[in-house]
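> Fold the following and give me the result.
(one chain, ligands or ions: 1)
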Amino acid sequence: MLRWLAWLGAILAISWPVASPAQERPNIVVILADDLGWADLSCYAPSLWQTPHLDRLAAQGIRFTDGYAASCVCSPTRAALMTGRHPARLHLTTFLPGRKDMPTQKLLQPVIRQQLPNEEITLAELLKTRGYVCGLFGKWHLGEKPEANPLAQGFDVYRGAAGRYFQFKGPNLVARDERDYLTDRLTEEAERFLETHRDRPFFLYLAHFAVHIPLQAKPELLAIYEKKAAKAPQTLERKNPIYAAMMHSLDESVGRILKKLDDLQLTERTILVFTSDNGGLSVEEGPNTPATSNAPLRLGKGYLYEGGIRVPLIIRWPGVVKPGQVCSVPVRSEDLFVTLAEAAGANLPCDRDLDGVSLRSLLRGENKTLPREYLYWHFPHYSNQGGRPCGAIRCADWKLIEHYEDGRLELYNLRKDLGETQNLADQYPDWRDKLHRELVAWRQHIHVQMPQSRK
Ligand SMILES: [Ca+2]
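Model (predicted):
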């Protein structure tokens, strides 16, 4: 009898949350940071600053060590997150509007789409079919024309502005005074959205401009971090005081959203995703840069080395994700689209190819792998940070980079050499050739745009 009761209890424990209506359409909050590096959160690596709120979020959910952005720059990753489709498939492979060709370049860059085409189905559009109200606060970076802007792509509310932190001015968000700080203001707008829509399923996309350049911090925080920086050990990798103060504000924003969800008693039925669109800015680009260092990863934004594409990724999903997990399975931006659409019970588009896979069984702890062997990147451009046209592929511990200018191949074993310091292309020709073949075949299969020779 006791055994039977225990068995019944186990069945109920498993099936009860699934059966409750609130769990059928969980609220979804995606907080996307801009140019935030993989090592920038305290739960990933030490810095001059701390990120207590983000660390708490990680402790309440799952933290990915091998979370990848779909690209090493902004717009392509955002397109992938919104559509579940690889940026190379969308022909949207660099930031908008893109970098002009220079006479010194060996190759000519392909002409990219200048906006996310309206025919693409965004996460917001999918969630709307399930009755979600969708709000975007911050950076869209996929076209502002009437046919491509967030309001034409499924969002009911859009508050965006230019990425200046004190004198921001946008189509629908203007600084109230010279102390109005963009990160705080977007948070305030997002908080109001949560309050307004607490009684129905919502999708909040809080896409901060932080911690992208221009580096601008609140004076009172900057004063604190300048003092700290003066006393920081020589060996500390990340100690830019302006960036530190911006990180402080970003973490505070996350803390405010977490508190608002708690106050509104929404935490238990809200999925929260935190990630970045590309790696941290690790080279000089504008005043007071480099912004950060992605060490132990190599380089940063604008490159297909790990520093450019590996990003923090945290998912909190009460009732599905057991708190405090750390996962080393490689996952990427497109997967979030599939996972979140599925969580909402939305039907995935079946008239087009998607490039993401559902993370649900991984998040539930039912599986320790994903049904996918390869991850691909395609960046046929020159970046503002010095990156050159290249492609990359990862399979298990191995990663291959192909340089499009001269066909040069680099092969790394990421488990043994996270910093990509030892090119093993000559030592492991089997892996090199296998990965290269796969990368080429994939490019042909999805009809990517390649850079062209000048001749
Ligand atoms: Ca970015």
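> wait, doesn't Glu306 sit right on Ala39?
No: using Cβ atoms under 8 Å, Glu306 makes no contact with Ala39, being 10.6 Å away. Any C-beta I mention is one placed from the backbone N, CA and C, and that applies to glycine too.
> what's the overlap in contacts for the two?
The contact sets of Glu306 and Ala39 overlap at Asn294, Leu297 (Cβ atoms under 8 Å, 6 or more residues apart in numbering).
> low-scoring pLDDT stretches of this structure, where are they?
The model of the chain has pLDDT under 70 over residues 1-23.
> Mind telling me which residue of it is nearest the ion?
Cys74 (3.5 Å; Cβ to the ion).
> ok, and the closest non-adjacent residue to Gly163?
Once flanking residues are discounted, Gly163 sits nearest to Phe209: 4.0 Å by Cβ to Cβ, 6 or more residues apart in numbering.
> just checking, Glu252 touches His53?
Yes: counting by Cβ under 8 Å, His53 is a contact partner of Glu252 at 6.9 Å.
> Can you pull the residues of the stretch 1-150 of the chain lying near the ion?
Residues of the stretch 1-150 of the chain lying close to the ion by Cβ under 5 Å from the ion are Asp34, Asp35, Cys74.
> Which is the succeeding secondary structure element to the longest helix seen in the chain?
In the chain, assigned by DSSP state H, the helix with the most residues is helix 241-263. Using DSSP states H and E, the next helix or strand after helix 241-263 towards the C-terminus is strand 270-276.
> Can you tell me which of the residues of the stretch 1-150 of the chain next to the ion are buried?
Listed as buried from these are Asp34, Asp35, Cys74; burial here means 16 or more other Cβ atoms under 10 Å.
> Inside strands: which ones of the residues of the stretch 1-150 of the chain next to the ion?
Among these, no residue falls in strands (DSSP state E).
> List just the nearest of those residues to Lys455.
Among these, Cys74 lies closest to Lys455 (Cβ to Cβ), at 31.5 Å.
> list the contacts for the nearest residue to Leu424 once chain neighbours are set aside?
Nearest residue to Leu424 in three dimensions, chain neighbours excluded: Leu411, at 4.6 Å (Cβ to Cβ, 6+ apart). The contact partners of Leu411, taken as Cβ under 8 Å, 6+ apart, are Trp398, Lys399, Leu400, Asn423, Leu424, Ala425, Tyr428, Trp431, Arg432, Leu435.
> Next up, the contacts around Pro219.
Applying Cβ under 8 Å, 6+ apart, no residues qualify as near Pro219.
> Would you map the strands across the stretch 1-150 of the chain?
Shown for the stretch 1-150 of the chain, the strands assigned by DSSP state E, counting those that start in this stretch span residues 27-33, 62-64, 67-68, 107-108, 133-138.
> Report the distance from the fourth one to the chain centre.
Distance, stretch centre to chain centre, for strand 107-108: 28 Å (Cα atoms, centre = their mean, to the nearest Å).
> And for the third one?
With Cα atoms, centre = their mean as the basis, the distance from the averaged C-alpha position of strand 67-68 to the chain average is 8 Å.
> which helices and strands does that strand pack with?
The contact analysis (3 or more Cβ pairs under 8 Å, 6 or more residues apart in numbering; DSSP states H and E) places strand 67-68 against strand 331-332.
> List the neighbouring strands of the strand it packs on plus their orientation.
Partners of strand 331-332 in the sheet, by DSSP bridges, are strand 67-68 (parallel).
> Which residues of the stretch 151-300 of the chain lie near the ion?
Checking the stretch 151-300 of the chain against the ion by Cβ under 5 Å from the ion, the hits are Asp277, Asn278.
> Sketch out the helices for the stretch 151-300 of the chain, chain order is fine.
With helices called from DSSP state H, counting those that start in this stretch, the stretch 151-300 of the chain shows them at 182-196, 219-231, 241-263.
> So which of those helices is the most surrounded?
Across those, averaging neighbours per residue (mean count of other Cβ atoms under 10 Å) puts helix 241-263 on top, at a mean of 22.
> other SSEs contacting that helix?
strand 27-33, helix 52-60, helix 182-196, strand 202-207, helix 219-231, strand 270-276.
> Kindly recompute the last result at 6 Å.
Contacting helix 241-263 under the criterion 3 or more Cβ pairs under 6 Å, 6 or more residues apart in numbering; DSSP states H and E are the following elements: helix 52-60, helix 182-196, helix 219-231.
> Dump the strands of the stretch 1-150 of the chain to a markdown table, plus mean neighbour count.
Listed next are the strands of the stretch 1-150 of the chain as a markdown table, based on neighbours: other Cβ atoms under 10 Å:
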| stretch | mean neighbour count |
| --- | --- |
| strand 27-33 | 25 |
| strand 62-64 | 23 |
| strand 67-68 | 25 |
| strand 107-108 | 16 |
| strand 133-138 | 25 |
